[in-house]
Structures are given as C-alpha cells and as structure tokens.
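>>> predicted model follows, preceded by the sequence.
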Amino acid sequence: MLLKDKVVIVTGASRGIGRAIAVTAAREGADVVLNYWGDNDATYNRRPAIREVLDNIASLGRRAIAVEGNVAERDTGAALVKAAVDAFGRVDVLASNAGICPFHAFLDMPPEVFETTMAVNLHGAFYVTQAAANQMKAQGTGGAIVATSSISALVGGGMQTHYTPTKAGVHSLMQSCAIALGPYGIRCNSVMPGTIATDLNAEDLSDTAKKAYFEKRIPLGRLGEPEDVAECVVFLASDRARYVTGAALLVDGGMFVNLQ
Ligand SMILES: NC(=O)C1=CN([C@@H]2O[C@H](COP(=O)(O)OP(=O)(O)OC[C@H]3O[C@@H](n4cnc5c(N)ncnc54)[C@H](OP(=O)(O)O)[C@@H]3O)[C@@H](O)[C@H]2O)C=CC1
Ligand SMILES: C[C@H](O)[C@@H]1OC(=O)[C@H](O)[C@@H]1O
C-alpha cells in the first residue's frame, strides 16, 4: 500500500479529480480529510455527493471526515489542518486540488469572474499549502504536497484567460515551495492533467465536435478519467517518489506533445 496509515487532506474532494484522489488514497491505506464547497454551482447539491465519498472510504476500511470550506478564504487551510489533527493526529499529505473554470471570453471578462478564479485556484492553493506545510514542519517528519495544476499551465485557451494563469501559478508555487520546504523534508510537486471528463468541462465537452477534436488530438485516443490523475497524485505523494520534488507530471494521454 502506497499511503499506509498516512493522513491526507484533499481539497475539492466531493467530485471529479479530487474525489478520485481521496478514494485512491484511502484504497492505498490513508485516512482522508475531504474538503468541499459547492457555492459556485447552485444547481448541484453537494451534500449527497460528499456523503457518497465518505461511505466509499468507509467501505474500504479507512477513516474520513468532510470539512466544508471555501479555499479562497485565508483561514480555510488552517481549519482543514486543525480538523485533520483533531481527527487523526497529524497531516502527512496535502492534495491541493480544488479549482474552478468558468469559461468566458477575454474582452468582456467580468472582473468578479477573473478575481474569483484567481482567489480559488491560486490564492487558495497558496494558503492551504502554507497551512499544511507549517503543520508538517512542526511534526518534524516531512511530508508531501501535490497540487493539481494543468496542461493549461503550458498552453493557452481563448475562453480561459483568467484560468490558465492560475494553473501556471500553481505549477510555479510548487517549484518554489520545493525549494522553501526541502530543508524540512517536505516534497512539493504538481500534476498537469490534460482533458479529464468531469463536471468542470461537461458543458464545454457537450459540443460533440470539440470532444471529437480532443479525442483525435490525444494519442492514447480517449479523454482522461479522474482515476488516471489520482493514481499519479498518490504516486507523487508516496515514498516511491521520495527523491522527486519540484516536478510537474503531465497526465494528458500525450495531448501536449501532439503537434502533428
Ligand atoms: N477536468 C479537467 O479537464 C482538468 C481539471 N484540472 C484541475 O483539476 C482540479 C479539479 O477539477 P475537476 O475535478 O475537473 O472539477 P470538478 O468541478 O469536478 O470538481 C471541483 C471540486 O472543487 C471543489 N471546489 C470548487 N470551488 C471550491 C472552493 N472555493 N473551495 C473548496 N472547494 C471548491 C468542488 O466542491 P463542490 O463539489 O462542493 O462544488 C469540487 O469538489 C481543478 O483544480 C482543475 O483546475 C486540471 C486540468 C484538467
Ligand atoms: C476545464 C477544461 O476543459 C480543462 O481544464 C484544464 O485545465 C484543461 O486544460 C482543460 O482545458
């Protein structure tokens, strides 16, 4: 088991990639703190979703707690760490994953869409990482932080001018934190998913021509699934990756390298 008896915090754990990270970590022996929020989507009822993740993890014989909180708020990171320590005694791994991508054109981008995207995706990752790292430093036994960046850290999107800089920022945050936290034995890495079928892009991919374009562009011939990313996060969080820090792992079925 890759994460036997480790305590893992996952932000954005109610669905999509975060949910898969949480369940995969539990399957690999971890106890998990599940963060979620839900305010950004009025049509979506988050409580049954998080209940399902809790039940799923319990059925694997591991412990989990759910902690509601908006990562864009500075104190949420500290609250997640406190909940982890109260419930499980420590924090070994942070998967900083929560993110939003409200597609919008650039020229008339409402400032609040830009600022909320920055606040959730980048500021949230910063403050949650800082809180977890302080706890790991205090414990004195190292730790691992894996952030969900994106292929979008490397390439652009005309409807994502507010989003792609946050993903480049998350990638850069992990690089700098690898330096800042290496002396404490805390490793910091990111995964860069390509196009993974989740609620985040369900509407965008309902355009069948666009979906077909992605499938054609991906050498492995299919969109990604949340579990494809989760397995990589768990690897980077585990001791198997003990000499890996400051790295970014593309998990995109080869889409990035496919020029022609
Ligand atoms: N899907 C893709 O193709 C790709 C996704 N990514 C990144 O992966 C990460 C997860 O995305 P994905 O699983 O696709 O998206 P989903 O929309 O399926 O899930 C997003 C998760 O983030 C949570 N969340 C949203 N806003 C907040 C907030 N303010 N505070 C706390 N939690 C919040 C949601 O909680 P709730 O359910 O309560 O709303 C949910 O658990 C994101 O960072 C995204 O940028 C990167 C590359 C590709
Ligand atoms: C939401 C998008 O489909 C998805 O998000 C990313 O980060 C990927 O690059 C895709 O654009």
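Sure thing, it's come through. Ligands and ions are numbered 1, 2, ... in the order given.
>>> in this protein, where is pLDDT below threshold?
Across the chain, the stretches falling below the confidence threshold (pLDDT under 70) are 39-46.
>>> find the residue at the geometric middle of it.
The centre of the chain sits closest to residue 97, judged by Cα atoms, centre = their mean, with a distance of 1.7 Å.
>>> from memory that one sits against residue 14, does it?
No - at 10.8 Å, residue 97 does not count as touching residue 14 under the criterion of Cβ atoms under 8 Å. Where C-beta positions appear, they are placed from N, C-alpha and C, glycine not excepted.
>>> pull up the pairing partners for the host helix or strand of residue 249, direction included.
In this structure, residue 249 is located in strand 248-251 according to DSSP states H and E. According to DSSP bridges, strand 248-251 forms sheet pairs with strand 186-193 (parallel).
>>> so what's the gap between the strand it pairs with and the chain middle?
A distance of 9 Å separates the C-alpha centroid of strand 186-193 from that of its chain, computed with Cα atoms, centre = their mean, to the nearest Å.
>>> does ligand 1 sit close to it?
Yes - on the criterion Cβ under 6 Å from any ligand atom, strand 186-193 is in touch with ligand 1 at residue 193.
>>> one more: stretch 62-75?
Yes - contact between stretch 62-75 and ligand 1, assessed by Cβ under 6 Å from any ligand atom, occurs at 70-72.
>>> buried subset of those?
Burial of these was assessed by neighbour count (16 or more other Cβ atoms under 10 Å); the buried members are 70-72.
>>> residues touching the closest residue to residue 197 other than its chain neighbours, list them.
In space, and not counting its chain neighbours, residue 197 is closest to residue 223: 4.8 Å by Cβ to Cβ, 6 or more residues apart in numbering. Contacts of residue 223 were listed using Cβ atoms under 8 Å, 6 or more residues apart in numbering, and they are 195-197, 205, 211, 214-215, 253.
>>> any idea which element the spatially closest residue to residue 56 that is not a sequence neighbour lies in?
Once its chain neighbours are removed from consideration, residue 56 has its nearest residue in residue 23; the separation is 5.5 Å (Cβ to Cβ, 6+ apart). With elements delineated by DSSP H and E, residue 23 resides in helix 16-27, which encompasses its position.
>>> what's next to stretch 229-247, contact-wise?
2-3, 6, 8, 17, 20-21, 23-25, 28, 93, 95, 97, 144, 146, 148, 174-175, 178-179, 182, 187-191, 193, 196, 249, 251.
>>> before we move on, back to that, check the offset of the helix holding residue 23 from the chain's centre.
Between the mean C-alpha position of helix 16-27 and that of its chain there is a distance of 10 Å (Cα atoms, centre = their mean).
>>> ok so, going back, can I get the contacts of residue 223 in JSON lines with secondary structure?
JSON lines is the format used below for the contacts of residue 223 (DSSP: H, G, I helix; E, B strand; the rest coil):
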{"residue": "195", "secondary structure": "coil"}
{"residue": "196", "secondary structure": "strand"}
{"residue": "197", "secondary structure": "coil"}
{"residue": "205", "secondary structure": "helix"}
{"residue": "211", "secondary structure": "helix"}
{"residue": "214", "secondary structure": "helix"}
{"residue": "215", "secondary structure": "helix"}
{"residue": "253", "secondary structure": "coil"}
